[in-house]
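Chemist: give me coordinates for this.
(2 chains)
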Amino acid sequence: MGGDQEKSVIEKFLEDNVLFLGPDPEIMESHQMAPVSARETEAMAAFNNPDQVNLVRHKLQTACNESFDMVEQMGAAPGAKWGDLISGVWTAQGDLAMASMGGVLIFSVLTQHPVKFILKYWKDDPTVGIRPGDIFMHNDARYGNIHNTDQSLIIPVFHEGELICFTGAIVHEGENGACEPGGMPSAAESPFDEGLKMSPFKVGENYEFRRDIMTFLQNSVREPKLQLEGMKSKLFAAMRMESRVRDAIEEYGVQAVIATLRKTLLDTEQETRRRLSTWPDGIVRTNLFADGTLRENCLIKIRCELEKRGDELIIDFRGSSPEFLNRANNTVLASLKGMLAQEFLSFVWPDLPRNQAVFAPIKLRTDKRSALHCSPDAPNAQSMMTFFPSFTAVQIAVPKFLYSAGHRATDVIAGWYNMIVTFIYGGVNQYGELVGNVCADLNGMGGAARWNRDGEHSIAPIFAPMADIGEQELIEEEVPLIKIVPHRLMRDANGFGKFRGGHGYQQIATMKDSSMWGFMCCSIGSKFPTTMGIFGGYAPGCYPLCKVRGVNVFEEMEDNRDLLRFTVEEIMNEQPFPGGRYTTHHMGLQLEFAQPGELYMITQGSGGGYGDVLEREPEAVAREYLDELISMNTVNNIYHVVLDAESGAVDQAATAARRQAERDKRKRLGKPYKEFVKSWETEHPPEHLPYYGSWKDKALIYRGSRHDTCPADAIVPVMMRDPKDVRIEQLEAELTALRAQGKG
Amino acid sequence: MAANSVAITEYLEIDLEAERWHCRRCGHDIGPARENYKEGLLVYERDPREIHRPILDDTKYEFTYAPDPSWCRIIEFYCPSCGTMVENEYLPPGHPLTRDIELDIDQLKQRHAQGEAK
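Modeler: Coordinates of the predicted model:
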């Protein structure tokens, strides 16, 4: 035996003896739907009346919305309560055909991967199989979904022995046993630090969870009761949807359900292509810069080029930052696609059905082992730190197509605020229970300005059009986290423009009545704004974490209530509490244990502005000034409006003169393009900047220094140093210098 | 706006017949529509703290709500005729400017002739 025959024997042996079923690139790198099956073709031929299809579609859509409400009402996780979930129906081939209207729309195009994995690897495996009543679960982003704080639960739906579809739900459950509590560890330096990593697997049969597996899962996380409760609420939601599918089969026949699911996907893709074809053909480019990994500040380039031709859109991120092998800010390609789909489902075509076909006409180009297409070796629990800025890069590019498009379902809009400004907590609550999770304040992101109006203040997160920030009083009943100032808008920190971005609110938090309590934060944008304005509108500013430690404000205020201040600005600039240590930081805070009464302060961000500040209606400027949303400095030096400080009355003539003077000044100071470029552009990133990504040439990637590069098609992942080691080295150098001075 | 012009942004339009970028505020002829419109504008580099003031005392704190001027600069693009700020970019010092819009003019003309473009 030899030659080809021998080779085929070896290949067969290897196929039959796979030692590890890792993430399957064939599944993970494709967001396309499975080809229409013979069964679906037959069903669509038999059930083809559009009105009847519409009836079945509405019935299934109502089922998705109903089960969404069930999870939101039953779920114990803060994420479930505020709507960080979706529920849906997948075809028998694993494509998400219908999903709940609310919730986190990112999931719409990245939940199919685990279902396809189950179909490909477990369906015919004699040790697993798919049978009626089976329950599958999953949370590892390398096999689909966003990050492993989200847990999905899926059940198959059979009819007379035939697999018809799957139903299920995905929820941000929070705690997952990672190296930090709360489910989103920014301290993770490998996937093994990120806690429970469930590849798609069977956790129950006959609609019941296996007790041994449940016990194992509960032992893997800090909140065992939450783990059980979360799984139960998702299962009941999936079962309710299953019964609704059965109702539809009974009423309309099995062909109707199979045909409607596939037809919904086909219709959605067709309509998306039709809408894209009304955009002008061409290329739009943006460059965005994330300013940190959550462990340290550094500049992480997001290079984005959108090319629209006919009814297709190509989004090209090549030339963006390399992967960070020991930081949690990397994005799995599928997660990136999910976040980009959010732009189209929330901000461009919110009237389209929520399913994965919305993304079918869109192609992505990325460099492998970049931060936006990371390898399974890289941690990804904080992928939002790269895929949110990537979303914004697309969001501020789209208006340059949409402004002249033939079809617009929404208003042209600037960059929404895009960071998770909230506290993650962990510790022992007032009832003596170990808890760890995230506050819902992340949902209070400031809205962006539109072409015809200002952005809304602290309105909704970029990843969900309808989500709640929760009631502070209810939160305080469950955890010992007190907000001394919970929701006061921040002055002067928004995106200015003809129309301005909505303001964000200040969160001044402390803790009380706990033997052990820690805070975390996970946002970037303390040195470089994360979102942008459009058409001459400014970005919002930057946002720090502020702390007052070494003081118990409850004791301080017991007899001195006059010490209390109600804004971050006053507390930090006036330093009213004697003996306190007042410090500012970037917003990447790893778990830090606090003492009662110490203050941790962050500020929810604002959306970007739209248009030239000199075109803002002066009366609108006056109203904002009187509402204490902007200072007189902003009135005078940004908007160039002349108004009476007491009444807010605008002096129209003086304002017109001042604005004309500002326009004249611009013409005086501005340089012709070529002359400017000559004095501005450099060959390499500046020596002082820790810069990651391409500079002039997208094929050459910088790895933190102008002297350290690699080709974009052979990226060498970056290993970052421990920030504490870096700090110790700096302090030792200072000490050595001081000692030398002393000797001198 | 002329009948043969298409508004591309709040401040830019393309005259399809002449194939030229124009300012939508003053009508200024900015340059060829097949080229980078930014080349016909005035450019100014601004310290970001002039727009995003340090809300916290910058003599006391490293992070103040203002962008770090050694990491981030604002590049503003003005119409040379009326001084309107047409666009801006936030860039690290020395980073190449972005050619942000490069439309297919032939297709735009075709769409306009068929009444598709706004």
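Chemist: quick one: buried residues of the helix or strand bottoming out on mean pLDDT in chain B?
Modeler: In chain B, the helix or strand scored least confidently by mean pLDDT, DSSP states H and E is helix B:105-113, which has a mean of 93. Residues of helix B:105-113 classed as buried by neighbour count (16 or more other CB atoms under 10 Å in any protein chain shown): B:Ile105, B:Gln107, B:Leu108, B:Lys109, B:Arg111, B:His112. (Glycine included, C-beta is placed from N, CA and C.)
Chemist: can you convert those residues into TSV and add a column each for distance to chain A?
Modeler: Formatted as TSV, the buried residues of helix B:105-113 follow (distance: CB to the nearest CB, whole Å):
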residue	distance to chain A
B:Ile105	9
B:Gln107	4
B:Leu108	5
B:Lys109	10
B:Arg111	7
B:His112	9
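Chemist: one step back: what's the offset of the least confident helix or strand of chain B from the middle of its chain?
Modeler: With CA atoms, centre = their mean, to the nearest Å as the basis, helix B:105-113 stands 23 Å off its chain's centre.
Chemist: ditto for stretch A:735-743
Modeler: That offset, for stretch A:735-743, works out to 47 Å (CA atoms, centre = their mean).
Chemist: neighbours of the closest residue to A:Met445 other than its chain neighbours, how many?
Modeler: Excluding its sequence neighbours, the residue lying closest to A:Met445 (CB to CB, 6 or more residues apart in numbering or on different chains) is A:Tyr417, at 4.1 Å. Residues near A:Tyr417, counting by other CB atoms under 10 Å in any protein chain shown, number 35.
Chemist: wait, A:Tyr417 sits on A:Gly607?
Modeler: Yes - with contact defined as CB atoms under 8 Å, A:Tyr417 counts as touching A:Gly607 (5.1 Å).
Chemist: and stretch A:713-731, average pLDDT?
Modeler: Mean pLDDT, computed over stretch A:713-731, is 97.
Chemist: ok, the residue of the stretch 301-450 of chain A found nearest chain B to A:Gly103 distance?
Modeler: Per CB to the nearest CB, A:Gly406 is where the stretch 301-450 of chain A lies closest to chain B, at 4.4 Å. Using CB to CB, to the nearest Å, we find A:Gly406 at a distance of 31 Å from A:Gly103.
Chemist: when these two are compared, which one has more neighbours?
Modeler: Taking other CB under 10 Å, A:Gly406 and A:Gly103 do not tie; A:Gly103 has more neighbours (32 against 15).
Chemist: quickly find the element holding the more buried one.
Modeler: Element membership for A:Gly103, per DSSP states H and E: none, as it lies in no helix or strand.
Chemist: tell me which stretches of the stretch 101-250 of chain A form strands.
Modeler: Counting by DSSP state E, counting those that start in this stretch, residue ranges of the strands within the stretch 101-250 of chain A are A:135-138, A:150-159, A:162-172, A:201-205, A:208-209.
Chemist: quick one: closest of those strands to A:Ala712.
Modeler: strand A:150-159 (30.4 Å; CB to CB).
Chemist: pull out the buried positions in the closest one.
Modeler: For strand A:150-159, a neighbour-count test (16+ other CB under 10 Å) marks A:Asp150, A:Gln151, A:Ser152, A:Leu153, A:Ile154, A:Ile155, A:Pro156, A:Val157, A:Phe158, A:His159 as buried.
Chemist: among those residues, which one sits closest to A:Ala656?
Modeler: A:Asp150 (53.5 Å).
Chemist: where does pLDDT dip in the chain?
Modeler: Here I'm looking at chain A. Applying pLDDT under 70 to chain A flags residues A:1-5, A:744.
Chemist: chain B was what I was after
Modeler: Scanning chain B with the threshold set as pLDDT under 70 gives B:1-2, B:116-118.
Chemist: identify the bridge partners of the residue most central in space within chain B.
Modeler: The structure's chain B has its C-alpha centroid closest to B:Glu87; by CA atoms, centre = their mean the separation is 2.5 Å. Going by DSSP bridges, B:Glu87 is paired in beta bridges with B:Phe77.
Chemist: ok, now which ones touch it?
Modeler: A:Phe535, A:Gly536, B:Thr9, B:Tyr11, B:Lys38, B:Leu41, B:Glu76, B:Phe77, B:Asp100 (CB atoms under 8 Å, 6 or more residues apart in numbering or on different chains).
Chemist: restricted to buried residues, select the residues you listed in ChimeraX.
Modeler: The buried residues among the contacts of B:Glu87 can be selected in ChimeraX (16+ other CB under 10 Å) with this line:
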select /A:535,536 /B:9,11,38,41,76,77,100
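Chemist: so which of the contacts of B:Glu87 belong to strands?
Modeler: B:Glu76, B:Phe77 (DSSP state E).
Chemist: looking at the contacts of B:Glu87, which two lie furthest apart in space?
Modeler: B:Thr9 and B:Glu76 (15.0 Å).
Chemist: now the residue lying farthest from the centre of chain B: phi and psi?
Modeler: Relative to the centre of chain B, the most outlying C-alpha is that of B:Lys60, 35.9 Å out, by CA atoms, centre = their mean. The phi and psi torsions at B:Lys60 (degrees, to the nearest 10) take the values phi -100, psi -30.
Chemist: unless I'm mixing things up, it is touching A:Arg581, no?
Modeler: No - B:Lys60 lies out of contact with A:Arg581 (CB under 8 Å); the separation is 11.9 Å.
Chemist: so who does residue 40 touch?
Modeler: Just going to use chain A. Counted by CB under 8 Å, 6+ apart, A:Glu40 has contacts A:Thr91, A:Ile258, A:Ala259, A:Arg262.
Chemist: can you look at chain B instead?
Modeler: A:Tyr673, B:Trp21, B:Asp29, B:Ile30, B:Gly31, B:Pro80.
Chemist: so can I have TSV of those showing distance to A:Glu29 and secondary structure?
Modeler: Listed next are the contacts of B:Gly40 as TSV, based on distance: CB to CB, whole Å; DSSP: H, G, I helix; E, B strand; the rest coil:
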residue	distance to A:Glu29	secondary structure
A:Tyr673	40	helix
B:Trp21	39	strand
B:Asp29	47	strand
B:Ile30	42	strand
B:Gly31	41	strand
B:Pro80	47	coil
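Chemist: A:Asp51 and A:Val257: what is the separation?
Modeler: Counting by CB to CB, the gap from A:Asp51 to A:Val257 is 16 Å.
Chemist: who has more neighbours out of the two?
Modeler: Taking other CB under 10 Å, A:Asp51 and A:Val257 do not tie; A:Val257 has more neighbours (26 against 6).
Chemist: the more buried one belongs to a helix?
Modeler: Yes - secondary structure of A:Val257 (DSSP: H, G, I helix; E, B strand; the rest coil): part of a helix.
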